[in-house]
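**Q** Fold the following, please.
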Amino acid sequence: MNEKAPKKVRKSKATKPKPEAKASKTKTSESKIPGKKKVLVLGGGFGGVYAAKELERLGRGKLDVELVNANNYFVFQPLLPEVAAASIHSADAVVPLRQLLRRVQVRQAEIMGIDFDEKKVIVVQGTRRIPVDLYYDELVIVLGTSVDLKRFPGLSEHALTMKDLADAHRLRTHVIGCLETADVTDDPEVKRQLLTFVVVGAGFSGVETVAEMRELVRRALKYYPNIKPEDVSVYLIEYANRILPTFPADLAAYATKRLTIHGIEVLTGVGTKSATGTAVELTDGRVIPTSTIVATIGNGPHRLVETLDLDMHWARIKTDRYMRVPGRDHVWALGDAALIPLVDDPKEDPADYATQTAQFAVREGWQLAANIVAKLNGQELKPFAYKSKGSLASLGMSKAVADVYGFKLSGTLAWLLWRGFYLSFLPGFAAKLRVGVTWLLNSVMPPNIVQVQAPPPATRYIHYRKGDKVFEPGMLIDGFYTVIRGAFRLTIDNPETGEHFEKVFGPGEHFGERVLVRSALRTGLVVALEDGLLLFIAQKDFTRFARAFPFLDNYFKDYIERTFGGLDKSFAPGSTNAKTELETLP
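**A** Numbers count the residues shown, from 1 in each chain. You can find the predicted model right below:
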C-alpha cells in the first residue's frame, strides 16, 4: 500500500563533529575497566535492551557494555494505545533502564554524531551541553525509526502520532479536550468537527489506536450530557484494499466487521492527500472535517542514521546475515533501523528480510550479542534466522484477532490471549503486576477523564485549504502570522463608520502585528485564497521578541502606521481601545 511503501534513502556524508565542536572543550569518556573491550549500544528499545543484557551475560568479565539512550526508560510500545485511552497509566508502559540493565552502564544522553574512523560516538548530556566523546571497540546501532509524513501536505503539522509515550499522552489529552469543548459549544459545525476522529493507517498500530480511542470516547460520554453517541464519528483510513495486511484475509474481515459494529467507519482503497487543522482530504476527493487526525503511517530513518555514510534501503541500514554493517568494521545494526536478510540472496521482497516487530528485535538482540562475543573469541558467527510465531491485534470491547503458530483465533478468546501474551512479554515482575492490576480495576472503574494540558508551542506551521478562515471578527487576538506559501486576504469593515480595508498577503508578507498594541478582539477576517502555509507565533512570544529588539518594534509600529493609518485607526468597534501590553507581560 502506498502510504506504507518503503522508500530509498540517499546516502550522505558521515556525521563528524563540526570544527567548532573540536575547538571547544570536549570531555572524553573511555572504557572505565582496563583490559575489557568497550561495546556501545545506541538505543533503548527492544533490540537495544535485549542486546545489551545478553552482551553483559555472555561477555561478563571480558566486555564493558554501555547503552546510550535519550530517555532513561524503556517504552513497551504495544501498550501505547492503552495509555492513550487511559486504560493503563503511563508509568505502566515504561520501565527504568537501570532496573532492566543492572550490570550495564546506562547513559542518558543525546547522540550528536558518529566518527567511524576514530571509533567514537559524540553525545551531549545534562544541562551544560558540552560534547562528550565515547570511544568503542564494537558499536551497535539500534536507533529505530522516525515518523516521516512529508509526502502528505499538512499531515506532519496537524496529525498526532503514536511513536512514544509523549505521543500517547498528547492523544489522550487532545481527545478529552475535544469532548470538553464539544459539550459546551453552540456551533453545530464546530461540534461536528470536534467529534470526528480520523486514524490514518490500518496496520497493528492504527487498528489498536482507533479501537482504544473509540472505547475511551464511548466510556466517557456519560459525563458529557450534551453529546449523544450518534454525534460521534470515527474513521479508519487505509490505502490498501483491506486492513491488517499481515493477517489472513478472514481475520482482517472479522476485524473490519467488529470495528464497524463499534461505530468505526473503515475506508479502504483510499489514501490521505492532505490535512489542515480543521479537515483531512482523501485521495478520492472527499474532505472530512475533523479536529483529530492520528497518523500511524510514514516510517522514515532515524535522523542521525540518515546522516551517516551507510548503505541504506527502504529507510533502513543494510546489514549482512550476521547483522554486521558492510564497509564499516566493528559496526552492527539491528531492530527497526536495520534491514537484516533472512536468506543468502535476498530480493526486493520484504519476506526476505526480518520484520520490524518486537519479537524479531528481541531475537536479533540475542543473536547479535552471541556474534559479537564469538567474533572477539575468534569463533564462527551464526547468521540470523527466525520465523514469526504469529500476530495479535486488539479490537477493543474485549475482542481481538490472533494468528499464532498457524492457528487463527478471533473474539474474546483471542483478546485474552493478546492480554496474556503482552503481560508475559513485559520486562520485569513489577511492570507485569502493575499492568495486570490496572486492567482488572479498569474493568469496573470509570475512565480517567482528567485533562493535563501542556503549553502549546510558541511557533508552529499551519496549513490552510482554499476558503479556510484564519481568523474572523470577534475572535481573541492570539498571535502573528507570516505567509510561507499561498495567498491570504484580510478584510476589515466597520458598519458604524462605513470604513473598509482590504489587502492580499503573499509569501514573505505578514499580518496580525496589531498584537503589539493588544486590541482585545480581532477586527478583521482573513481567508485563504488558495491552499497555503503560515508560520504562527504566539502573541506573548512575538511581543517579547519584538520589544527586545527596538528596531523590530519600530518596524512594526511604522508598518501599522503605513498600512492601517495608525494605531488608533477605528476600522471596527472596539479597535480604538488599544493599549500597550509591555507592562502586563509575565
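**Q** right, and residue 292 touches residue 198 too?
**A** Yes - here residue 292 lies in contact with residue 198, judged by CB atoms under 8 Å, at a distance of 6.4 Å. Glycine gets a C-beta too; all of them are placed from N, C-alpha and C.
**Q** the helices in the stretch 51-200 of the chain, which residues?
**A** Counting by DSSP state H, counting those that start in this stretch, the segments of the stretch 51-200 of the chain that form helices are 80-84, 97-100, 155-158, 165-184, 188-194.
**Q** Could you check which of residue 292 and residue 198 is surrounded by more residues?
**A** Neighbours per residue, other CB atoms under 10 Å: of residue 292 and residue 198, the larger number sits with residue 198, 26 against 23.
**Q** Quickly list what the more buried one is bridged to.
**A** residue 235, residue 293 (DSSP bridges).
**Q** okay but it is in contact with residue 235, surely?
**A** Yes - with contact defined as CB under 8 Å, residue 198 counts as touching residue 235 (4.6 Å).
**Q** what residues are shared contacts of these two?
**A** 288, 290 (CB atoms under 8 Å, 6 or more residues apart in numbering).
**Q** Quick check, central residue of this structure?
**A** residue 161 (3.9 Å; CA atoms, centre = their mean).
**Q** Residue 515: what's its closest spatial neighbour, skipping adjacent residues?
**A** Nearest in space to residue 515, with sequence neighbours left out and distances taken as CB to CB, 6 or more residues apart in numbering, is residue 539 at 4.6 Å.
**Q** quick one: pLDDT of that neighbour?
**A** Reported pLDDT at residue 539 in the predicted model: 89.
**Q** Surely it and residue 513 touch.
**A** No - using CB under 8 Å, residue 539 makes no contact with residue 513, being 10.7 Å away.
**Q** And for residue 320, the neighbour number?
**A** Residue 320: 15 neighbours (other CB under 10 Å).
**Q** If you could redo that for residue 549, that was the one I meant.
**A** Neighbours of residue 549 (other CB under 10 Å): 10.
**Q** Phi first, then psi, for it.
**A** Main-chain dihedrals, residue 549, degrees, to the nearest 10: phi -120, psi 100.
**Q** Looking at it now. What's its pLDDT?
**A** For residue 549, the predicted pLDDT is 90.
**Q** can you pull the contacts of it?
**A** No contacts exist for residue 549 under CB under 8 Å, 6+ apart.
**Q** low-scoring pLDDT stretches of this protein, where are they?
**A** Within the chain, the segments meeting pLDDT under 70 span 1-33, 517-519, 566-586.
**Q** Domain map for it?
**A** Here the domain parsing of the chain from automatic domain parsing is 2-70+109-147+300-376, 155-297+390-442, 459-584.
**Q** So which residue of this protein lies furthest out from the middle?
**A** Quick read of the chain (CA atoms, centre = their mean): farthest out is residue 497, 49.9 Å.
**Q** Confirm that that one sits in a helix.
**A** No - counting by DSSP: H, G, I helix; E, B strand; the rest coil, one finds residue 497 to be coil, located in no helix.
**Q** My read is that residue 47 contacts residue 333, right?
**A** No - look at residue 47 against residue 333 with CB under 8 Å: they stay out of range, at 9.2 Å.
**Q** and for the two, which residues touch both?
**A** residue 142.
**Q** Among the two, which residue is more densely surrounded?
**A** residue 47 (31 against 28).
**Q** mind checking how far the more buried one is from residue 265?
**A** Here the criterion is CB to CB, to the nearest Å. By it, residue 47 lies 36 Å from residue 265.
**Q** now residue 231
**A** Taking CB to CB, one finds residue 231 at 14 Å from residue 265.
**Q** And residue 254, by the same measure?
**A** Counting by CB to CB, the gap from residue 254 to residue 265 is 17 Å.
**Q** And these two? Which one has more around it.
**A** Between residue 254 and residue 265, counting by other CB under 10 Å, residue 254 is the more crowded of the two (21 against 13).
**Q** who's in contact with that one?
**A** Counted by CB under 8 Å, 6+ apart, residue 254 has contacts 401, 410.
**Q** Can you classify it as helix, strand or coil?
**A** Residue 254 is classified as helix under three-state DSSP.
**Q** Restricting to C-alpha, output stretch 147-163 in PDB.
**A** The C-alpha trace of stretch 147-163 is given here as PDB (Å, rounded to 0.1, in the frame of the first residue of the first chain):
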ATOM      1  CA  VAL A 147       8.000   9.500  11.600                       C
ATOM      2  CA  ASP A 148       8.200  10.900   8.100                       C
ATOM      3  CA  LEU A 149       5.000  12.500   6.800                       C
ATOM      4  CA  LYS A 150       6.500  14.900   4.300                       C
ATOM      5  CA  ARG A 151       4.700  13.200   1.400                       C
ATOM      6  CA  PHE A 152       1.400  14.300   2.700                       C
ATOM      7  CA  PRO A 153       1.000  18.100   2.900                       C
ATOM      8  CA  GLY A 154      -0.100  19.300   6.300                       C
ATOM      9  CA  LEU A 155       0.000  15.900   7.900                       C
ATOM     10  CA  SER A 156       3.300  16.400   9.800                       C
ATOM     11  CA  GLU A 157       1.900  19.800  11.200                       C
ATOM     12  CA  HIS A 158      -1.600  18.700  12.100                       C
ATOM     13  CA  ALA A 159      -1.500  15.000  12.700                       C
ATOM     14  CA  LEU A 160      -0.900  13.300  16.100                       C
ATOM     15  CA  THR A 161       1.400  10.200  16.000                       C
ATOM     16  CA  MET A 162       1.800   7.100  18.200                       C
ATOM     17  CA  LYS A 163       5.500   6.600  18.400                       C
END
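**Q** Please identify the buried residues of it?
**A** 147-149, 151-156, 158-163 (16 or more other CB atoms under 10 Å).
**Q** Sort out for me which of the residues you listed are in strands.
**A** The strands, defined by DSSP state E, take in 147, 160, 161 from the buried residues of stretch 147-163.
**Q** was I right about the first one contacting residue 164?
**A** No - with contact defined as CB under 8 Å, residue 147 does not count as touching residue 164 (9.8 Å).
**Q** joint contacts of these two?
**A** Joint contacts of residue 147 and residue 164 (CB under 8 Å, 6+ apart) do not exist.
**Q** and residue 98, what does it touch?
**A** Per CB under 8 Å, 6+ apart, neighbours of residue 98: 72, 106.
**Q** Equivalent analysis for residue 173, please.
**A** Contacts of residue 173 (CB under 8 Å, 6+ apart): 451, 452, 453, 454.
**Q** How about residue 91?
**A** Residue 91 neighbours (CB under 8 Å, 6+ apart): residue 434.
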